[in-house]
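Visitor: Give me coordinates for this.
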Amino acid sequence: MQYRNAMKQRYINEVKLGLELTRNLTPEILTEADLEHLPEPVQRYIRYSGAVGKPKVHNFKVGFIGKIRKDEQSPWMPFQVEQHSFINESIRLFWMDAIMMHLPVKGFHCFKKGNAFMDIRLFWLFRVQYMDGKEMGISETVTFFNDMCVMAPATLIDHRIKYIETDENRVLAEFTDHGITISAWLHFGENGELTNFISDDRYAFKGKNRMEQFRWQTPLRNYQEINGRMISKEADLIYEYPEGDFCYGKFEMTQLQYNLK
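Guide: Numbering: from 1, shown residues only. Have a look, this model is predicted:
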């Protein structure tokens, strides 16, 4: 009971701290002038999302349901997720409630200013997996940028993003934050929607505390209007291993709120 309270309370405290840091921010309205420096596919995507004419995004809260697995031999674990992200402060707080073989699993991912850890517990107490260090910081920087692209298209005007190359309906973007630089190809559909995010900078856990970089992608689908914005409600998480693609996660968005106080 004591550890359970401490683990969840740490997540709650981190969320409160993030909200306090953004409490006094008054978001400006995103205008066409804010998009002028962006590649045309990115401009189209932001317009498609309905972000123009609405407040710029400083933070957001998102909920997911779905399933996740460790490898192809492992059973899928159904999960429910609550996540808070704070854009300017480079904070991502991810809380997961899952079921593994009919037993409760709790997970806390914490990313703050380039540093990250992942703590997965069975019955709140028995550690299933724990990762931190340089590779986790890089990986979570990729995830943080992915979240900006997928859940908050309005943030693609961020000064930390450098657009390197445009090739038909895809754009190579570079994101630099707290000394870490990662890159990703953003793929767009005919209507302007983001259809995939592909990066070679994310690490995968390969056992015995060993992490290796593999191409990582998040194909997106099922765009729907959520609180006045067109957002992809479903995504897969896929690593491209030498022996073949491995889908380890399927996410379905259940809620999305911007600029919480």
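
Visitor: show me where the stretch 1-150 of the chain has strands.
Guide: Remark: strands assigned in the stretch 1-150 of the chain by DSSP state E, counting those that start in this stretch are 59-68, 77-86, 91-100, 103-112, 115-122, 126-132.

Visitor: Quick one: these as a markdown table, columns for mean pLDDT too.
Guide: Below are these laid out as a markdown table (pLDDT from 0 to 100):
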| stretch | mean pLDDT |
| --- | --- |
| strand 59-68 | 97 |
| strand 77-86 | 97 |
| strand 91-100 | 94 |
| strand 103-112 | 93 |
| strand 115-122 | 91 |
| strand 126-132 | 80 |
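
Visitor: Out of these, the one nearest Gln255 is which?
Guide: Closest of the strands of the stretch 1-150 of the chain to Gln255 is strand 59-68, at 4.1 Å (criterion: Cβ to Cβ). (C-beta placed from N, C-alpha, C; glycine too.)

Visitor: tell me what the closest one is packed against?
Guide: Here strand 59-68 touches helix 2-22, strand 77-86, strand 244-258, going by 3 or more Cβ pairs under 8 Å, 6 or more residues apart in numbering; DSSP states H and E.

Visitor: That one pairs with which strands, parallel or anti?
Guide: When pairs are called by DSSP bridges, strand 59-68 turns out to pair with strand 77-86 (antiparallel), strand 244-258 (antiparallel).

Visitor: So which of the ones you listed has the densest surroundings on average?
Guide: Stretch with highest mean neighbour count among those: strand 77-86 (a mean of 19; mean count of other Cβ atoms under 10 Å).

Visitor: low pLDDT regions in the stretch 151-261 of the chain?
Guide: For the stretch 151-261 of the chain, applying pLDDT under 70 flags the ranges 207-209.

Visitor: where along it do the strands fall?
Guide: Going by DSSP E, counting those that start in this stretch, the stretch 151-261 of the chain shows strands at 161-167, 170-177, 180-188, 194-199, 203-205, 211-213, 215-217, 220-226, 229-241, 244-258.

Visitor: Quick one: these as a markdown table, columns for distance to Pro104 too.
Guide: Converted to a markdown table, the strands of the stretch 151-261 of the chain look like this (distance: least, Cβ to Cβ, whole Å):
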| stretch | distance to Pro104 |
| --- | --- |
| strand 161-167 | 38 |
| strand 170-177 | 34 |
| strand 180-188 | 33 |
| strand 194-199 | 31 |
| strand 203-205 | 21 |
| strand 211-213 | 26 |
| strand 215-217 | 28 |
| strand 220-226 | 29 |
| strand 229-241 | 22 |
| strand 244-258 | 19 |
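
Visitor: Of all the ones you listed, which one comes closest to Ser74?
Guide: Nearest of the strands of the stretch 151-261 of the chain (Cβ to Cβ): strand 244-258, 9.0 Å.

Visitor: Give me the contact list for that closest one.
Guide: With contact meaning Cβ atoms under 8 Å, 6 or more residues apart in numbering, strand 244-258 is reached by 55, 57, 59-72, 81, 151-152, 226-227, 229, 231-240.
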